[in-house]
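1. model the structure of this input:
(chains A and B)
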2 protein chains.
Amino acid sequence: MAERIEPRVLKGFRDYLPEAEIERSALMRSLEATFRSFGFVPIDTPVLEYAEILLGKGGGETDKQVYRFSDHGGREVAMRFDLTIPFARFMAEHVDALYLPFRRYHMAKVWRGENTQRGRYREFMQCDFDIVGADSASADTDIVLCIASAMEALGTGPFTIRVSHRGIFNRFLERLGGEVKTGAILRIVDKLEKIGAEEVRALLAAEAGAEAAHGILDFIRREADFESTLAKLESLSGGPSPGSERLRAVWAKASAAGSAERLVLDPSITRGLDYYTGIVFETSLDALPQIGSVCSGGRYDELASLYTDRKLPGVGASVGLDRLLAALDSLGISRKVGGYTEILILDVDESAEDRYQAIARDLRKSGLACEIYPEKRKLAMQFSYAERKSIPLAIIAGGDELNRGVVQLRDLRSRESAELPYVPGPEGSSGLAAAARGALRGTGNR
Amino acid sequence: MAERIEPRVLKGFRDYLPEAEIERSALMRSLEATFRSFGFVPIDTPVLEYAEILLGKGGGETDKQVYRFSDHGGREVAMRFDLTIPFARFMAEHVDALYLPFRRYHMAKVWRGENTQRGRYREFMQCDFDIVGADSASADTDIVLCIASAMEALGTGPFTIRVSHRGIFNRFLERLGGEVKTGAILRIVDKLEKIGAEEVRALLAAEAGAEAAHGILDFIRREADFESTLAKLESLSGGPSPGSERLRAVWAKASAAGSAERLVLDPSITRGLDYYTGIVFETSLDALPQIGSVCSGGRYDELASLYTDRKLPGVGASVGLDRLLAALDSLGISRKVGGYTEILILDVDESAEDRYQAIARDLRKSGLACEIYPEKRKLAMQFSYAERKSIPLAIIAGGDELNRGVVQLRDLRSRESAELPYVPGPEGSSGLAAAARGALRGTGNR
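-> Prediction:
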């Protein structure tokens, strides 16, 4: 026997044990159901791509976080670190085989060799959805309403989608004139929530002068409601513009869909990245503002200009799955279960084991998730197994009982038992299946 | 503008466009539903692991197919090339935090730098399910019956699960005596399907002599039925043994569950790998024997002996997802659809766009997947979009119609239209939703 190897995972990487994986999978399925109800379709792309594709020509100097290496054929390859760049490459490559407007979602892992001391993981799941090939208020609204529907489906309680528009901000900054560096200012404003207004004022003053700082703080302050904030933005940015008209149209559409109360026009939202050109948004849970945005995004002019001449404007958002999982946990609404099994058939009699398979088959055929404890063991051990897997019901049946045509159905939560008739086959098992379904429904466990 | 980068994926890697991804996702969901109905729970493990964990100490010389490299911290890491080794490491690491018997499934990508000229992919999905911590006929049977249920749920038509037992074969080979090398013989027998009996006889004769070759060919021949084949195996291997009793017990259990007709005792099944110690099985589709096994596996004594002293016997199987997808395709039973959308609201009137959002909200609330074409374009363009996404129904409504409280519901397959009342809200939309559901049901499209 060779020396044993210590079983461990790399720092920043995680195993998902069943309870955690079931929770994550339930979250992803809920999101998927919402995406599908809005017409989004799934795609997938490779985990490994040419490093040049992911990092750009000459990229790499600044990308120490990216896992890159030479493959067996000497190609420089890298593991994807987001889903945006692969999507850009995907659209550039396949746009002729696809159609526009293209609504896609993509949930998949990405990798970044980040410093794990800040609680960051090096492997994590991302979840993006976008509408590419349409520059319209309708597309912008769809993304916002899809976020709202997704949150409602998850039952996170009240939430707020704060929206703004980069075009209006840019117009305003242009009017400030002088040496104003848009990017630097956007990055400072983006810190408002974290560092507070006075700190931001000081940074802005250092960057653009005290007067400009004053003007910018005035600009990014929310007024009483959407319309009055928008009126202020228009006035400070030189009057109505395509950007302000777009925001007004999105507001009207969201209102028509009954979701206006979820939207807040907050001009301090900038989403730092240069990438965005139109509407931008962030989503926070009213009960947990401190966890930050659980879904953010915005409109961009050119998705794939690195790879194609085709102009591909789009709008999209990214869900923070880890944050959402943490939020569901904090809110006490995550369903922590150890498994999907509804009924455990206990092994209490080896001579009856063959017939357990018939019971399991019958229950599964009537739609119940059912498993057989696979060997005769002490009852306490089998009950403890059921508890670990959150199994609500058990069937206990020895050969004698089966010969009499009965089994015992036990509710493991209430510890109540009932003797029920059972004979193999759809008819002989229908009473047992109905009783089991009744017990599951009765307590709302499933 | 920088020079453009050619958008392309690495050789052996694939993008999944929506139609393919929807198909793959439907297959995986169907398999998952079966696994869950048998009590299996999902887990996940990292894509990157210590190379030592995946390859063993000093491994690597023979593992040129593995993607391995040094990470930012100088650790030797590798991308997983199967799901078995990570599962072994997982069980060794977490067995105390888990429970036994442990039934898990895992569907995830793996990577191998294989020669792509043989049509192999370097990135592909694996799907494994195992029961660890129970060495019983019940556990063996569960895996076999789970395969059968999975195939039935997929609707692949008749299939055959060929089973055998490595322990009986080993007993038989021991009795042959002499210089017989079990491993070499198993590998030759494993080729029977591919190269035929005469070729196998020649190879066996070269390996073990003509007489032994004759004996082995006699041993691996199927007899008329399960019981007579088993009786022959017992007689040629020196009488009943734990292995033959186990096969008989599995047969009895599968019979009790009504699935015996799916099982064939075929002693030529060996599954080459040294890993297996008990029952082994392969699954073929009767209509497509040439594609080979779509689900194979067996029982092993020690899952994780590289990493732990704990004895972890188990039984499991691996589904060949790519083969199954190809099979469903050949059989014409894969559902090729471009999307999930059931109703497209055409944009025929910009003044009505806000109200389209209300219609979409109402239809989604009644459970229908609905999207709005996001800008006013030629009708032909919008219809062609619907076709690309396999959208069966459309709603056509201008402002005038909406003012009159009606919309047109068009079945895009039959090209029939009907004017239906619609007023925003649950009540005013219920007739429209019911008509849409009726149209979808009527043609069995969804």
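
2. doesn't A:Q126 belong to a strand?
-> Yes. Applying DSSP: H, G, I helix; E, B strand; the rest coil, one finds A:Q126 inside a strand.

3. who's in contact with it?
-> A:D82, A:L83, A:H106, A:M107, A:A108, A:K109, A:V110, A:S318, A:L321 (CB atoms under 8 Å, 6 or more residues apart in numbering or on different chains). Quick note: C-beta positions are derived from backbone N, CA and C, even for glycine.

4. tell me where the stretch 201-350 of chain A has helices.
-> A:210-219, A:226-236, A:242-256, A:321-330 (DSSP state H, counting those that start in this stretch).

5. got the angle for the third one vs helix A:226-236?
-> Read it as helix A:242-256. Inter-element angle recorded for helix A:242-256 and helix A:226-236: 180 degrees (by axes from the mean of the first three to the mean of the last three CA atoms, to 10 degrees).

6. name the helices or strands packed onto helix A:242-256?
-> helix A:137-154, strand A:159-165, helix A:166-176, helix A:226-236, strand A:263-265, strand A:276-285, helix B:353-365 (3 or more CB pairs under 8 Å, 6 or more residues apart in numbering or on different chains; DSSP states H and E).

7. tell me the angle of the third one relative to helix A:226-236?
-> Direction vectors for helix A:166-176 and helix A:226-236, defined by the same axes, to 10 degrees, enclose an angle of 40 degrees.

8. how about stretch A:95-111, does it reach chain B?
-> Yes. Judged by CB under 8 Å from any CB of the partner chain, stretch A:95-111 and chain B are in contact via A:A97, A:L98, A:Y99, A:P101, A:R103, A:R104, A:K109, A:W111.

9. what's the farthest-apart pair in the residues you listed?
-> Largest separation among these by CB to CB: A:Y99 and A:W111, giving 31.2 Å.

10. more crowded one of those two?
-> Taking neighbours as other CB atoms under 10 Å in any protein chain shown, A:Y99 and A:W111 compare with A:W111 leading, 24 against 16.

11. surely the more buried one touches A:D82?
-> No. With contacts counted by CB atoms under 8 Å, A:W111 stays clear of A:D82, the gap being 9.9 Å.

12. buried residues in stretch A:430-438?
-> By 16 or more other CB atoms under 10 Å in any protein chain shown, the buried positions in stretch A:430-438 come out as A:L432, A:A433, A:A435, A:A436, A:R437.

13. could you export the residues you listed as a markdown table, including secondary structure, distance to chain B and pLDDT?
-> Output for the buried residues of stretch A:430-438, formatted as a markdown table (DSSP: H, G, I helix; E, B strand; the rest coil; distance: CB to the nearest CB, whole Å; pLDDT from 0 to 100):
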| residue | secondary structure | distance to chain B | pLDDT |
| --- | --- | --- | --- |
| A:L432 | helix | 16 | 97 |
| A:A433 | helix | 13 | 97 |
| A:A435 | helix | 19 | 97 |
| A:A436 | helix | 13 | 97 |
| A:R437 | helix | 14 | 97 |
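
14. now for those residues, which pair is the farthest apart?
-> Farthest pair in these (CB to CB) is A:L432 and A:R437. Separation: 9.8 Å.

15. with distance to B:E76 added, can I get the contacts of A:Q126 in a markdown table?
-> As requested, the contacts of A:Q126 are arranged in a markdown table below (distance: CB to CB, whole Å):
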| residue | distance to B:E76 |
| --- | --- |
| A:D82 | 26 |
| A:L83 | 28 |
| A:H106 | 30 |
| A:M107 | 30 |
| A:A108 | 25 |
| A:K109 | 21 |
| A:V110 | 22 |
| A:S318 | 32 |
| A:L321 | 29 |
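
16. filter the residues you listed down to the ones in strands?
-> A:H106, A:M107, A:A108, A:K109, A:V110, A:S318 (DSSP state E).

17. of those - the most surrounded one?
-> That'd be A:H106 among the ones in strands among the contacts of A:Q126, by other CB under 10 Å, with 24 neighbours.

18. so how far is A:I291 from that one?
-> According to CB to CB, to the nearest Å, A:H106 and A:I291 sit 23 Å apart.

19. where does pLDDT dip in the stretch 51-200 of chain A?
-> Filtered on pLDDT under 70, the stretch 51-200 of chain A yields the residue ranges A:58-64, A:178-179.

20. give me the residue from it nearest chain B.
-> Scanning the stretch 51-200 of chain A for the residue nearest chain B gives A:F69, at 3.5 Å (criterion: CB to the nearest CB).

21. so that residue sits in a strand?
-> Yes. A:F69: assigned to a strand according to three-state DSSP.

22. B:E76 is in contact with that one, correct?
-> No. With contacts counted by CB under 8 Å, A:F69 stays clear of B:E76, the gap being 11.3 Å.

23. which bits of the stretch 301-446 of chain A sit near chain B?
-> A:304-309, A:338-341, A:344, A:347, A:353-358, A:360-361, A:364, A:368-375, A:384-385, A:388-389, A:424.

24. done for today, thanks.
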